[in-house]
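Colleague: need a structure here:
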Amino acid sequence: MEQDDRILDVAVIGGGPAGLMAAETIAKAGKSVAVFEKMPTFGRKFLMAGRGGLNLTHSEDFERFAGRYGARSQALRPMLEAFSPKDLVAWAEGLGQPTFVGASGRVFPKAMKASPLLRAWLARLEGLGVQLRTRAEWTGWSADGGLLINGEVVRARAVVLALGGASWAKLGSDAAWVPTLAPLAHIAPFRAANCGFDVAWSAVFRERFAGEPLKNVALRHGEASARGDAMVAGYGLEGGAVYALAAALRDTIEAEGRAAPTLDLRPDIPAETLERRLQASRGGQSLANFLRKAVKLSPVEVNLLREAHGLDLPTEPAALAAAIKAAPIVLTAVQPLDRAISTAGGARFESLDGLALKERPNVILAGEMLDWEAPTGGYLLQACFATGVAAGQAALARL
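Modeller: As a prediction, this is how the structure comes out:
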């Protein structure tokens, strides 16, 4: 039967990393594909991520890497194996963007930004014949099953939806798709991930130290711990070490109304060593000056100890060392969805056949609209790319 050229082989809805990767996978197989993006440009959240250096993926052992996805590790594992961190590095370098591994094992493009990679990628897609359409908003299906885009009907043999999660609405990830898909799949409510938390700082501490970094600290919550940097915010606490435990902290707050992780301000120094240093004579020094000289605590760290333990810090060396190694920080609330780096929730894998909607087998989902979460460190983008490749392959299989 003769093919109708007016019908696309595949329509991809959403022009972020997952959607663009699905389009590339499909176009390389020689099929016609168009990407419809409702925003004026492609990859807006991707570009925002690039402002911090564009952490593409991570170089750690694959088993440890796959475990970062928690409850969704098993669901994502086949896709992460099929398009692994090494594959993502090779793909970026194939676009003329060499990469390097940072001290923490994170992988970045040497350009340390997203725009050169995105420009090269869009040029490759155009060269493959992909139709790239911006300001094109999908609002559902017509009565006869066509795609409604800007009020007009577009027909495609298969569809990839890569519509994002619910954070950074101004960049396009606003979860506006949920009411349309809710009758077709179980949608887990969206919750903030990789987010900051509210802390009831004293007015003096907030005014003096909001915006101050806490360098190389360790945060512990229950049996879990994370090393890295944190940041005192006017509302509370944020930063990499916080984001790494965000899922557990969020769940505890939802269940108990608060969470109280402890902050180790000197994780590289054993408590016994701190105690010995604190046994030196203070002379006429203030406690703040003594702590600055004895264990190099900064003003924000000294005052954070007072926020955690009270204004009158212990003077006995062992107790003071213990206070430095475990300062309890009471988190009272999660920052709003739109302030989160990413979100948990979305279309549950259990209601899909692979990545396809059971009710509409020619519709495949990818990216952050799926129900998974991961910490920062390269895990977010890696899963978006990997599910995009898998969605593209699933669309080809449907054809």
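Colleague: List the residues that contact the residue lying closest to residue 110 once chain neighbours are set aside.
Modeller: Of all residues not flanking residue 110 in the chain, residue 98 sits nearest, at 5.0 Å (Cβ to Cβ, 6 or more residues apart in numbering). The C-beta positions use only the backbone N, C-alpha and C, and glycine is treated the same way. Contacts for residue 98 (Cβ atoms under 8 Å, 6 or more residues apart in numbering) come out as 92, 109-110.
Colleague: Now, of those, which are buried?
Modeller: 92, 109 (16 or more other Cβ atoms under 10 Å).
Colleague: need the contacts of residue 98 in TSV with distance to residue 66, pLDDT and secondary structure, can you?
Modeller: What follows is the contacts of residue 98, written out as TSV (distance: Cβ to Cβ, whole Å; pLDDT from 0 to 100; DSSP: H, G, I helix; E, B strand; the rest coil):
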residue	distance to residue 66	pLDDT	secondary structure
92	20	97	helix
109	23	96	strand
110	26	95	coil
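Colleague: With distance to residue 49 added, can I get the contacts of residue 98 in CSV?
Modeller: Output for the contacts of residue 98, formatted as CSV (distance: Cβ to Cβ, whole Å):
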residue, distance to residue 49
92, 14
109, 12
110, 16
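Colleague: Closest to residue 136 out of the contacts of residue 98?
Modeller: residue 92 (26.9 Å; Cβ to Cβ).
Colleague: list the contacts for that closest one?
Modeller: 56, 98-99, 109, 117.
Colleague: can you redo those residues as a markdown table with secondary structure and distance to residue 175?
Modeller: Output for these, formatted as a markdown table (DSSP: H, G, I helix; E, B strand; the rest coil; distance: Cβ to Cβ, whole Å):
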| residue | secondary structure | distance to residue 175 |
| --- | --- | --- |
| 56 | coil | 25 |
| 98 | coil | 36 |
| 99 | strand | 32 |
| 109 | strand | 29 |
| 117 | helix | 26 |
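Colleague: Just flag the most distant two among the residues you listed.
Modeller: 56 and 98, at 11.6 Å, using Cβ to Cβ across those.
Colleague: coming back round to it: give me the phi and psi for the residue nearest to residue 110.
Modeller: Backbone geometry at residue 98, expressed as degrees, to the nearest 10, gives phi -60, psi 150.
Colleague: Please tell me how far it sits from residue 109.
Modeller: Applying Cβ to Cβ, to the nearest Å, the value for residue 98 to residue 109 is 7 Å.
Colleague: Residue 290 now?
Modeller: 45 Å.
Colleague: Residue 17 now?
Modeller: Distance, residue 17 to residue 109, by Cβ to Cβ: 14 Å.
Colleague: now do residue 385
Modeller: Taking Cβ to Cβ as the criterion, residue 385 is separated from residue 109 by 14 Å.
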